[in-house]
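Engineer: the sequence and its predicted three-dimensional model are supplied below.
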Amino acid sequence: ALLDELSRTGELSKRGEIAKKLNDIITKETMTIVPLVDRGRVSAASTTLGGVILNTWDSELWNAADWYRIKE
């Protein structure tokens, strides 16, 4: 019902009120978390570098202390 009302409402202040109510339903009442960060990227490492473990929640350097050079 609120989403339909939002689509029919043109007044910005009224739309803001409706959007806040919808946000409260999504986050407070259902305890749902909507992620706002996308850390999608491409990573590469040398074939002579060992110990590199990619982690989607942190940077590529998160375990740099564990890296080592592989002897050829």
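Structural biologist: Nice, thanks for sending it over. Residues are numbered from 1 along each chain as shown.
Engineer: break down the chain into its strands, ranges please.
Structural biologist: Residue ranges of the strands in the chain, as given by DSSP state E, are 49-50, 68-69.
Engineer: how far does the first one sit from the chain's center?
Structural biologist: Yep, that's strand 49-50 we're talking about. On the basis of Cα atoms, centre = their mean, to the nearest Å, strand 49-50 is displaced by 29 Å from the centre of the chain it belongs to.
Engineer: and what of stretch 26-46?
Structural biologist: Distance, centroid of stretch 26-46 to centroid of chain: 2 Å (Cα atoms, centre = their mean).
Engineer: end-to-end on that stretch?
Structural biologist: Criterion Cα to Cα, to the nearest Å; first-to-last residue distance in stretch 26-46 is 44 Å.
Engineer: equivalent analysis for stretch 34-53, please.
Structural biologist: Taking Cα to Cα, stretch 34-53 runs 27 Å from one end to the other.
Engineer: can you tell me what sits against it?
Structural biologist: In this structure, residues lying in contact with stretch 34-53 by Cβ atoms under 8 Å, 6 or more residues apart in numbering are 26-27, 54, 56-57, 60, 63, 66-70, 72. Every C-beta, even on glycine, is put in place using the N, C-alpha and C of the backbone.
Engineer: what do you get for stretch 2-16?
Structural biologist: 18-19, 21-22, 25.
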